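>>> curious how this folds, go ahead:
(one chain, ligands or ions: 1)
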Amino acid sequence: MKTLTVASLQNSPEFGNIRANLHDLIGLLPPGCDLAVLPELCATGYQFRDRDEVMDLAEVIAPGQEPGPITTRLSEVAEASGTTIIAGVAERDGDRLFNSAVLLRPDGSRSIYRKIHLFMDEKKLFDPGDLGFSVVDACGVKVGMMVCFDWIFPESARTLALQGAQIIAHPSNLVLPWCPQAMITRSLENGVFTMTANRIGRELRTDTPLEFIGLSQVISPTGERLVQLGKEETGAAVVTINITEADKKITAANDLFADRRPEFYK
Ligand code: ACM
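Prediction:
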């Protein structure tokens, strides 16, 4: 048995107010937590009007380069608290813009993921992720990242699980209603913990009003919803998990991965 205390944070950001949003997020971080997942675009807000607006609020997050203010501040918090933090951040890389997630370890190192499946207006605002899905070591376990709308493509979680992910961290800004239920299946079919961190509130910065559904959660590899927040509260969905449960054995005779028949999946 190897236990880990994990938390999916749920906030209500004010668009563009990075300083206040970061302050709120840091205040939500539970003490003594090994891994905390924060929502997609957690400190900027979601509904950018155009690419120029993204360019103004986006920052460098790639390892090996001087990071921007959100990454720097959350990295300081990771170091001070001993918590590995995964946060959704608008990433600038030269002229390119990505809807990314950054994983910040207490030792100051970081890993990134660039959202592969862009949702609605994101297609006009961001470049599609170009790094693929990858699994990294963090807080003594194998962690994979995907961002929000990636959930509707089962290939996202499957690819991460096949690479050995034990936990899939899922920063989100969900507006469609189906994801919290679908992630039960993603966990079960892949034998992984999933941590969806969503936001609440509304944004009406274009002519498409958006209402974010909350319901941040942690799901076990057997599809049990271990903890979930409501649709209107901010807070942290915290639970202590036994990572050895991220197993592929379904019956004495069945293994989720060993029993796959990829030759018939074409
Ligand atoms: C989404 O991908 N933010 C719905």
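>>> get me the contact residues on the chain for the ligand.
Residues of the chain lying close to the ligand (Cβ under 6 Å from any ligand atom) are 40, 119, 148-149, 173-175. Using the backbone N, CA and C atoms, a C-beta is placed for each residue, glycine as well.
>>> filter the residues you listed to the buried ones?
Neighbour counting by 16 or more other Cβ atoms under 10 Å classes 40, 119, 148-149, 173-175 among the residues of the chain next to the ligand as buried.
>>> going by neighbour count, list what's buried in the helix or strand bottoming out on mean pLDDT in the chain.
Of all regular secondary-structure elements in the chain, judged by mean pLDDT, DSSP states H and E, the least confident is strand 249-251 with a mean of 95. For strand 249-251, the neighbour count (16+ other Cβ under 10 Å) marks no residue as buried.
>>> which strands and helices lie in contact with that strand?
With contacts taken as 3 or more Cβ pairs under 8 Å, 6 or more residues apart in numbering; DSSP states H and E, strand 249-251 sits against no other helix or strand.
>>> so which of the buried ones among the residues of the chain next to the ligand are in helices?
Applying DSSP state H to those, no entry is found in helices.
>>> closest to M183 among these?
Nearest to M183 out of these is L174 (Cβ to Cβ; 10.3 Å).
>>> hang on, the closest one packs against L210?
No - using Cβ atoms under 8 Å, L174 makes no contact with L210, being 10.0 Å away.
>>> about what we covered before: the least confident helix or strand of the chain pairs with which strands?
Here strand 249-251 has these sheet partners by DSSP bridges: strand 254-255 (antiparallel).
>>> distance-wise, check the residue in the stretch 151-266 of the chain positioned nearest to the ligand relative to K2.
For the stretch 151-266 of the chain and the ligand, the shortest gap (Cβ to the nearest ligand atom) falls at N173, measuring 4.1 Å. Distance, N173 to K2, using Cβ to Cβ, to the nearest Å: 32 Å.
>>> contact partners for S220?
By Cβ atoms under 8 Å, 6 or more residues apart in numbering, the residues touching S220 are 187, 193, 226, 241, 245.
>>> where does it land on pLDDT?
Each residue has a pLDDT score; the one for S220 is 98.
>>> need the phi and psi values for it.
Backbone torsions of S220, given as degrees, to the nearest 10, read phi -80, psi 170.
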